[in-house]
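Q: Sharing a model prediction with you, sequence too.
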Amino acid sequence: MSALFNADSVVVATARELLGIHLPQSADDPTCAVCGQLSPCGPAANARQIELATDFTGRLVGA
Ligand SMILES: [Zn+2]
């Protein structure tokens, strides 16, 4: 299976940014700190799908 996104694309950069901020508020509060939806919220779920469809092999070589 070939990846849909290149690791260096702006789409992937944005998705990873979203993943870093759309997180549950705390262990006691599972709602997203940014949009208030139950975590994983829509933006985080979409961003995760993009990350899963990204080819990071170029990043791993020589890392
Ligand atoms: Zn959110």
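A: Perfect, I can see it now. Numbers count the residues shown, from 1 in each chain.

Q: okay, now the closest residue in space to D55 that isn't next to it in sequence: neighbour count?
A: Counting by Cβ to Cβ, 6 or more residues apart in numbering, D55 lies nearest to A3, which is 3.2 Å off, once chain neighbours are set aside. Yep, even glycine has a C-beta here, placed from its N, CA and C like the rest. Close neighbours of A3, defined as other Cβ atoms under 10 Å, add up to 13.

Q: measure A3 to I50 for me?
A: From A3 across to I50, the span is 10 Å (Cβ to Cβ, to the nearest Å).

Q: Quick one: residues contacting G20.
A: Applying Cβ atoms under 8 Å, 6 or more residues apart in numbering to G20 gives no contacts.

Q: got a list of what P24 touches?
A: In this structure, P24 makes contact with 30-33, 39, judged by Cβ under 8 Å, 6+ apart.

Q: Could you do I50 as well?
A: Contacts for I50 were tallied using Cβ under 8 Å, 6+ apart; they are 5, 11-12, 15.

Q: returning to what we had before: now the two most distant members of the contacts of P24.
A: Among these, the pair separated by the greatest distance (Cβ to Cβ) is P30 and A33, at 10.6 Å.

Q: and stretch 40-53, which residues are buried?
A: Buried positions in stretch 40-53, judged by neighbour count with 16 or more other Cβ atoms under 10 Å: 40-41, 43-44, 47, 50-51.

Q: and the gap between the closest residue to G58 other than its chain neighbours and A15?
A: Of all residues not flanking G58 in the chain, A7 sits nearest, at 5.9 Å (Cβ to Cβ, 6+ apart). From A7 across to A15, the span is 11 Å (Cβ to Cβ).

Q: ok, so what distance separates L38 from V12?
A: Counting by Cβ to Cβ, the gap from L38 to V12 is 25 Å.

Q: Next: G20.
A: Distance, G20 to V12, using Cβ to Cβ: 13 Å.

Q: low-scoring pLDDT stretches of this structure, where are they?
A: Where the chain drops to pLDDT under 70, the residues are 1, 59-63.

Q: So which bits of it are right by the ion?
A: Neighbours of the ion within the chain, by Cβ under 5 Å from the ion: 22, 32, 34-35, 41, 43.
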